[in-house]
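Colleague: Here's my sequence, what's the structure:
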Amino acid sequence: SKPTGGGQGKTCVTARSRSRSSAMAAFLAAAPQGFMHAVQVLEDLSPAELEELALQVMKTLLQRTGHLSHKELACKLSRSKEQREVLPFDPSALRRANQAVNALSFLLRDAVRLSLSGQDLTLLLQTSAGLSPPPAAVIGRAYHAHSPLLLSSDKVKAMLSVGRLVNFDWKVSLCTETSQAERLNAPIITLRFQVALPNGQVSSHSAELSLKEFEEFADKVGEMSAVLETL
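Modeller: Presented below is the predicted three-dimensional model:
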């Protein structure tokens, strides 16, 4: 017999419920090592400071001009407003500031990737990330206010489609000759990358570099490392 309109509606509701359950189960499934410790730093921020940090992270996701001052955040994490006026900057707090930014970035990226609602994110921040209700609610409200733009942005979709490096290996071999040249004796550097794709699959990629190409590659990595040390 032909299903009634009520039956069709029940099927749709069931399908949506399963999709929501799958998304919630996948939240933080690929969290990096040390993430759960880093996310607890968010507990030390006031509601206003946490909301502002969430806004700046979302601006960064949207590739808009944001202001993420790790040193300024480190001051907020290390002492009260009165202490900031009389005590010097505590460098040890910079590591905790980096943890707060990285943790919140990962939380919001995962929420967008799974198309979570603000309500679902608030719940998962407590059950999966271990945050207490107040900071979870602050992050959930901030995300809810900007989720329409985050979920519809092509820039964000492109950013989230980029894989995550899970393994890296290398080897050096000596190329003694080729079809074009004999007695070459040139070193060849082989780089192997394993990348976790957004769908959970892991792909492998290899690249062979000459000594000159590897030196140029190493210089670029050195430049990136120098920039990271200034954050």
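
Colleague: just checking, next helix/strand downstream of the helix or strand of the chain with the lowest mean pLDDT?
Modeller: Counting by mean pLDDT, DSSP states H and E, the chain has its least confident helix or strand at helix 81-86, which shows a mean of 46. On the C-terminal side of helix 81-86, the nearest following helix or strand under DSSP states H and E is helix 93-113.

Colleague: Pull out the buried residues from that following helix.
Modeller: 93-94, 96-113 (16 or more other C-beta atoms under 10 Å). Quick note: C-beta positions are derived from backbone N, CA and C, even for glycine.

Colleague: do the same with stretch 134-143
Modeller: By neighbour count on 16+ other C-beta under 10 Å, the buried set for stretch 134-143 is 135-143.

Colleague: same thing with stretch 163-175?
Modeller: residue 163.

Colleague: just the CA coordinates of it, formatted as PDB?
Modeller: Written as PDB, here are the backbone C-alpha positions of stretch 163-175 (Å, rounded to 0.1, in the frame of the first residue of the first chain):
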ATOM      1  CA  GLY A 163      44.200  16.900   4.700                       C
ATOM      2  CA  ARG A 164      46.100  16.600   8.000                       C
ATOM      3  CA  LEU A 165      49.700  15.300   8.000                       C
ATOM      4  CA  VAL A 166      49.800  12.100  10.200                       C
ATOM      5  CA  ASN A 167      53.200  10.600   9.200                       C
ATOM      6  CA  PHE A 168      56.300  11.800   7.600                       C
ATOM      7  CA  ASP A 169      59.400   9.800   6.500                       C
ATOM      8  CA  TRP A 170      62.500  10.400   4.400                       C
ATOM      9  CA  LYS A 171      65.500   8.600   3.000                       C
ATOM     10  CA  VAL A 172      68.700   9.500   1.100                       C
ATOM     11  CA  SER A 173      69.900   7.400  -1.800                       C
ATOM     12  CA  LEU A 174      72.800   7.800  -4.300                       C
ATOM     13  CA  CYS A 175      71.900   8.000  -8.000                       C
END
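
Colleague: Show residues contacting that stretch.
Modeller: Residues outside stretch 163-175 that contact it (C-beta atoms under 8 Å, 6 or more residues apart in numbering): 30, 184-198, 202-203.

Colleague: the helices in this structure, which residues?
Modeller: 5-26, 35-39, 47-61, 70-78, 81-86, 93-113, 118-127, 133-152, 154-160, 211-229 (DSSP state H).

Colleague: quick one: the closest residue to residue 140 other than its chain neighbours and residue 102, what's the gap?
Modeller: Of all residues not flanking residue 140 in the chain, residue 122 sits nearest, at 3.1 Å (C-beta to C-beta, 6 or more residues apart in numbering). As judged by C-beta to C-beta, to the nearest Å, residue 122 and residue 102 stand 21 Å apart.
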